[in-house]
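got a predicted structure plus its sequence, pasted below:
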Amino acid sequence: MAMAVAHQRESSSSSSGGINKHLDAGKYVRYTAEQVEALERVYAECPKPSSLRRQQLIRECPILCNIEPKQIKVWFQNRRCREKQRKEASRLQTVNRKLTAMNKLLMEENDRLQKQVSQLVCENGYMRQQLQTASAATDASCESVVTTPQHSLRDANNPAGLLSIAEETLAEFLSKATGTAVDWVQMPGMKPGPDSVGIFAISHSCSGVAARACGLVSLEPTKIAEILKDRPSWFRDCRSLEVFTMFPAGNGGTIELVYTQVYAPTTLAPARDFWTLRYTTSLDNGSLVVCERSLSGSGTGPSAASASQFVRAEMLPSGYLIRPCEGGGSIIHIVDHLNLEAWTVPEVLRPLYESSKVVAQKMTIAALRYIRQIAQETSGEVAYGLGRQPAVLRTFSQRLSRGFNNAINGFHDDGWSLMNCDGAEDVVVTVNSAKNLGTTSNPSHSLSLLGGILCAKASMLLQNVPPAVVVRFLREHRSEWADFNVDAYLAASLKASPYAFPGMRPTRFTGSQIIMPLGHTIEHEELLEVIRLEGHSLSQEDAYVSRDIHLLQICSGIDENAVGACSELVFAPIDEMFPDDAPLLPSGFRIIPLDPKSSDAQDKLTTHRTLDLTSSLEVGPATDHGVGETSTSSSNSRSVLTIAFQFPFENNMLENIAAMARQYVRSVISSVQRVAMAISPSGLSPTVGPKLSPGSPEAVTLAHWICQSYSYHLGTELLRSDSVVGDSVLKQLWHHQDAILCCSLKSLPVFIFANQAGLDMLETTLVALQDITLDKIFDESGRKALFADFAKIMQQGFAYLPSGICMSAMGRHVSYEQAIAWKVLAAEENNVHCLAFTFINWSFV
């Protein structure tokens with residue numbers, strides 16, 4: 001019996017040991033270095049292999065033959081978990097470093113503000129004391145005036161004098177970058193945070209205009225200084241920068257005498273130039289400083305041919321303070337302080353030259369964004385389209401911007417001359433007879449012409465129109481203002497022979513465009529894209545040959561919340577092969593705000609302004625209270641629009657091309673004015689009013705009539721019952737999933753209203769909607785069905801139309817499952833105002 005018990009215990013112990021051994025083997029396996037290496041190779045190719053792949057791995061790798069598939073599955077799970085933890089730890093470390101740097105910047109800003117408060121308290125006490133002793137007030141105030149030393153030519157003529165100016169410039173710059181020399185206020189709309197580019201401030205009540213930025217950049221200080229000193233690479237308005245003299249200074253620093261030319265942003269003002277001293281040095285704490293200021297005296301200047309096109313501006317102590325950061329990267333402080341001599345421009349443009357916000361957007365913020373962009377490209381965080389390198393795409397953007405600026409300014413030393421006008425001064429035409437305008441490093445890709453380049457340009461004032469909205473409209477609805485035949489002519493200039501380009505042959509352009517993104521800046525403030533304009537041959541033999549036109553385009557400033565930002569749309573025809581060194585002939589639009597946003601109403605402008613477009617287009621004369629409400633804001637928001645289009649020409653065709661260019665630019669101006677008037681909250685003026693009767697209802701009222709009439713005739717609600725209150729009716733109707741259209745009751749019915757789905761279906765805009773008649777959108781069967789049910793609609797009030805096909809404004813076929821037509825009754829008068837249609841479940845064929 002004892003032997004049996006012992007045997008049972010031994011058997012039980014053996015069985016338990018086997019089970020434990022099996023469980024231990026399933027829980028943990030000690031892998032050899034060779035096995036780990038083999039598994040890592042597979043993980044690099046496929047982090048999550050399938051069951052079949054794991055079994056195949058065991059068969060192909062003898063060293064893994066003693067490991068079960070389940071154990072290998074667990075290894076890959078653990079490996080993925082470790083990788084995820086590693087990435088998360090790296091991300092958290094990056095966020096922590098950024099927050100630590102931002103905290104340091106905010107603490108420094110807090111210290112600066114405390115010092116400023118103390119200084120203001122002392123000044124306040126001092127002023128009170130002076131007021132109590134009126135007899136000594138004049139003497140005391142004279143003694144308290146802070147005078148800026150004037151640098152004579154004698155100081156600038158010898159190295160010792162220049163070194164003295166450099167040291168003084170350094171001290172003044174540091175007092176602005178980290179001290180209280182300038183009363184800084186936060187840039188509107190630019191709140192600091194872990195995801196922001198930096199901390200931005202503008203000057204308040206100081207001489208000239210100034211802006212400051214602080215931020216963390218993952219580059220070394222010497223690299224940052226090298227990039228920032230190359231101002232033309234990141235400052236789009238910089239035409240040229242030339243270093244005339246450079247000599248060493250103390251602490252391993254250098255002093256340079258620099259001449260800089262800056263483009264004028266419009267055709268209405270001269271360009272600016274600067275003669276400055278630039279001082280680069282290192283501080284005791286390891287920081288790197290690049291500071292700069294204007295020198296007195298004329299110094300060097302533009303060429304004699306272009307002297308009248310420049311005004312000498314002043315740069316007050318400005319520069320860059322770059323401090324190495326623990327854990328890598330740098331903290332950078334940027335200060336730009338300028339006196340742009342606003343008195344030299346027309347009075348209407350002076351706000352542009354007296355705005356610190358404009359300087360902040362164009363220079364200070366642009367510099368920090370560019371540095372951040374380079375840092376992200378260096379780390380491989382940025383992905384671009386069409387397999388292009390970031391530097392190549394950045395060069396394309398710079399060339400488009402530079403070519404557009406050259407066209408606007410038309411400098412004489414570049415070969416531009418003014419052409420005799422046709423009696424009207426609205427469009428200025430300049431001619432450049434240079435035989436080669438390629439501006440490329442590769443001569444084989446330069447643009448060789450028998451004649452030269454002609455530029456037609458104009459500037460106009462826009463009132464109460466958000467620049468970002470106008471530019472977005474011009475970008476998204478090119479067919480509303482562009483002539484595709486002109487685009488074809490410009491594209492043909494890229495070929496050696498006009499007959500080599502298919503666009504010069506008989507072609508029908510569909511009006512549709514395809515936007516292909518190439519790249520964008522880190523905050524999407526600038527987009528680089530290729531636009532394809534679709535065309536079809538009209539000749540039978542070339543029916544299968546592509547007639548598409550390609551444009552390279554940059555679009556910037558489409559964020560309405562960016563205070564002081566310039567909005568641009570610049571494009572140039574480009575060969576479909578898109579070589580890196582392709583010649584470019586840019587044209588486009590630039591809209592610059594002249595006044596800051598001064599009212600809460602303007603801050604509340606939505607990013608989608610089509611509802612305002614609806615109100616102004618579909619409404620007759622506005623009510624008195626509406627006009628009164630908008631008249632004040634209309635005078636508070638102004639911007640200047642500059643248009644420039646370049647055309648190649650041959651000598652014997654100069655006059656013809658000039659006449660065509662003037663006419664084309666005037667037609668573009670007319671289209672832009674029409675769009676701007678529609679977008680403006682103040683609505684259209686009576687002299688430029690829409691093609692509607694004076695009795696047309698306002699948009700909100702019309703929306704109510706549409707919904708009430710639908711419910712009255714069909715016995716059901718068009719919208720949700722909880723949304724039919726006030727302005728929400730118009731918003732719900734506007735965003736309704738089905739296309740809703742209204743047409744007038746005339747001998748030739750025209751459309752007077754459409755919601756967003758309706759505009760998408762017709763491929764049109766509210767500006768062009770009134771040019772579309774009802775009969776144009778239906779095919780033959782659709783027209784017959786409508787005419788057969790027309791009497792029923794007028795008697796019964798509504799009718800269901802069968803499924804069918806209609807036509808968009810671009811000539812595309814649209815199918816719909818069902819259409820409903822009903823009479824829209826004016827609520828008070830109970831008479832028929834218009835007909836409404838809804839197209840259910842529509843789609844392009």
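All right, it came through fine. If you're wondering where the values come from, they're calculated on a predicted model, not measured in any experiment.

what residue ranges in the stretch 51-200 of the chain score low on pLDDT?
98, 102, 105, 108-109, 111-126, 128-130, 132-157, 190-197 (pLDDT under 70).

quick one, strands of it?
Per DSSP state E, counting those that start in this stretch, the stretch 51-200 of the chain has strands spanning 184-186, 199-203. These are given in chain order.

what's the answer for the stretch 201-350 of the chain, then?
209-217, 238-248, 254-262, 271-282, 288-294, 310-312, 314-315, 318-324, 330-339.

for those strands, which one sits closest to I706?
strand 209-217 (49.3 Å; Cβ to Cβ). Every C-beta, even on glycine, is put in place using the N, C-alpha and C of the backbone.

so what's the residue nearest the centre of the chain bridging to?
When Cα atoms, centre = their mean is applied to the chain, the residue found nearest the centroid is S556 (2.8 Å). For S556, the beta-bridge partners are E526, E568 (DSSP bridges).

got the contact list for it?
E525, E526, L527, A565, C566, S567, E568 (Cβ atoms under 8 Å, 6 or more residues apart in numbering).

ok, the first one - contacts?
Going back to what we said before, that points to E525. R369, S556, G557, D559, A562, A565.

gap between it and A468?
11 Å (Cβ to Cβ, to the nearest Å).

columns pLDDT and distance to N251 on top of the contacts of E525, output as CSV?
Formatted as CSV, the contacts of E525 follow (pLDDT from 0 to 100; distance: Cβ to Cβ, whole Å):
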residue, pLDDT, distance to N251
R369, 90, 30
S556, 91, 40
G557, 88, 41
D559, 81, 42
A562, 73, 39
A565, 80, 38
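
got a quick ChimeraX command for the buried subset of the residues you listed?
Of those, the buried ones go into a single ChimeraX selection, burial set by 16 or more other Cβ atoms under 10 Å:
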select :369,556,557,559,562,565
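
K357 in helix, strand or coil?
For K357, the assignment made with DSSP: H, G, I helix; E, B strand; the rest coil gives helix.

might one say that it is in contact with M187?
Yes. K357 lies in contact with M187 (Cβ atoms under 8 Å); the separation is 7.1 Å.

intersection of neighbour lists for these two?
I202, A211, V563.

what about the second one, distance to W184?
Read that as A211. The value you get for A211 to W184, if Cβ to Cβ is used, is 9 Å.

and of the strands of the stretch 201-350 of the chain, who's closest to A826?
strand 209-217 (54.3 Å).

all helices of the stretch 501-650 of the chain, in order?
600-603, 610-617, 624-636 (DSSP state H, counting those that start in this stretch).

by mean pLDDT, show me the worst of these.
Sorting the helices of the stretch 501-650 of the chain by mean pLDDT places helix 610-617 lowest, at a mean of 32.

what about the spatially closest residue to L730 that is not a sequence neighbour, neighbour count?
Distances taken as Cβ to Cβ, 6 or more residues apart in numbering put A703 closest to L730, at 4.2 Å, once the chain neighbours are dropped. Neighbourhood size, A703 [other Cβ atoms under 10 Å]: 26.

next, the contact list for A703, please.
Per Cβ under 8 Å, 6+ apart, neighbours of A703: V729, L730, L733.

likewise for L338?
G208, V209, A210, A313, E314, M315, L316, S318, V359.

go again using 6 Å as the cut-off
Applying Cβ atoms under 6 Å, 6 or more residues apart in numbering, we find L338 in contact with G208, V209, M315.

show me what the closest residue to the last one other than its chain neighbours bridges to in the sheet.
Sequence neighbours aside, S294 is the residue nearest to M315 in space, at 4.6 Å (criterion: Cβ to Cβ, 6+ apart). Under DSSP bridges, the beta-bridge partners of S294 are T276.

so S294 touches A313, yeah?
No. Judged on Cβ atoms under 6 Å, S294 makes no contact with A313 at a distance of 7.9 Å.

list the residues that contact both of the two?
Joint contacts of S294 and A313 (Cβ under 6 Å, 6+ apart) do not exist.

returning to that earlier point: dump the contacts of S556 to JSON lines, plus distance to P517.
What follows is these, written out as JSON lines (distance: Cβ to Cβ, whole Å):
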{"residue": "E525", "distance to P517": "14"}
{"residue": "E526", "distance to P517": "12"}
{"residue": "L527", "distance to P517": "7"}
{"residue": "A565", "distance to P517": "20"}
{"residue": "C566", "distance to P517": "21"}
{"residue": "S567", "distance to P517": "18"}
{"residue": "E568", "distance to P517": "17"}
